[in-house]
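In: Predicted model follows, preceded by the sequence.
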Amino acid sequence: MESLRCEGICRRFGSLYAVHNVSLSVASGESRAIIGPNGAGKTTLLSLFAGRLKPSAGRIYMFSQDVTAAPEHRRVHLGLARTFQVMNLIPNLTVLDNVLLAVQAVMPFRSNIFRSQNAYRDLSDKAQRLLVQWGLWERQKDLVQNLSYGEQRWMELVMALASKPKILLLDEPTSGLSRAETASLIDMLRDLDPDTTLVIAEHDMDVVFELAHRITVLHYGQVIAEGTKEEIKANSKVREVYLGEEE
């Protein structure tokens, strides 16, 4: 079953195409890596999938539903979550408070000011389960600003999981992490529900080759290759414009 598809999408800023005529399809439960040099259009493509940006042309589908014009919150309710290159946390609140806000944002009573006591208990219980499951319970009372960079990255991912997403978009999730922290994050992603679809924009090729079932390569906003890690490693065009630059 297909979870995410785009057909001929473009995003233009003035006369510059950040994404140009991109078409791809991601199956449910697949881990898809989006790679390419700096400025290739990876973050723009994720923003188009998430609804933060609107395409200049083309169509986007989630679970066969046309979401091209759908706002971000509509895509969240269909099952999409996203992390960012620049972390989206509230540093002067505690770990628990940040996770509570993430949980509340996806609960059906989020806009109802007349909430029952059980509603608050459900929020607290769900936040507690997330913190225990992902190893942050002992830090629940700590201010986010006092966490290490790696812990903040980890926490942002936990908050994205608050909605139990069917599609998880990750934008450079290992940026700034140590090798040990990166290894822990890879293990965490492997422990997700196998039905969860991952779309990862990533620069670390070791991470890409560890996690991705298929890889899409962007260059100047266009797809220049797509395939398994073996096919991408063997692609001379990819080595020329991307892997060679990394070396």
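Out: Structure received.

In: Surely residue 21 is within a strand?
Out: Yes. Counting by DSSP: H, G, I helix; E, B strand; the rest coil, residue 21 is part of a strand.

In: That one contacts residue 7, doesn't it?
Out: No. Look at residue 21 against residue 7 with CB atoms under 8 Å: they stay out of range, at 9.5 Å. In this view, the C-beta of every residue, glycine as well, is placed from N, C-alpha and C.

In: what do those two both touch?
Out: Residues touching both residue 21 and residue 7 by CB atoms under 8 Å, 6 or more residues apart in numbering: residue 58.

In: Please name the residues that touch residue 60.
Out: So residue 60 contacts 4-7, 9, 48-49, 66-68 (CB under 8 Å, 6+ apart).

In: Buried among those? Need that as a selection in ChimeraX.
Out: The ChimeraX command for the buried members of the contacts of residue 60 (criterion: 16 or more other CB atoms under 10 Å) is given here:
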select :4,5,6,7,9,48,49,67,68
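
In: which of the contacts of residue 60 lies closest to residue 152?
Out: Residue 152 has its nearest neighbour among the contacts of residue 60 in residue 49, at 23.6 Å by CB to CB.

In: I figured the closest one was touching residue 5, is that so?
Out: No. With contact defined as CB under 8 Å, residue 49 does not count as touching residue 5 (10.1 Å).

In: domain parsing for this protein?
Out: Domain assignment for the chain, taken from automatic domain parsing, gives 1-79+165-247, 89-163.

In: among the ones you listed, which is the most enclosed?
Out: domain 1-79+165-247 (a mean of 17; mean count of other CB atoms under 10 Å).

In: got the contact list for stretch 142-151?
Out: Where contact means CB under 8 Å, 6+ apart, the residues beyond stretch 142-151 that reach it are 89-95, 98, 136, 139, 152, 155, 176-178, 181, 184.
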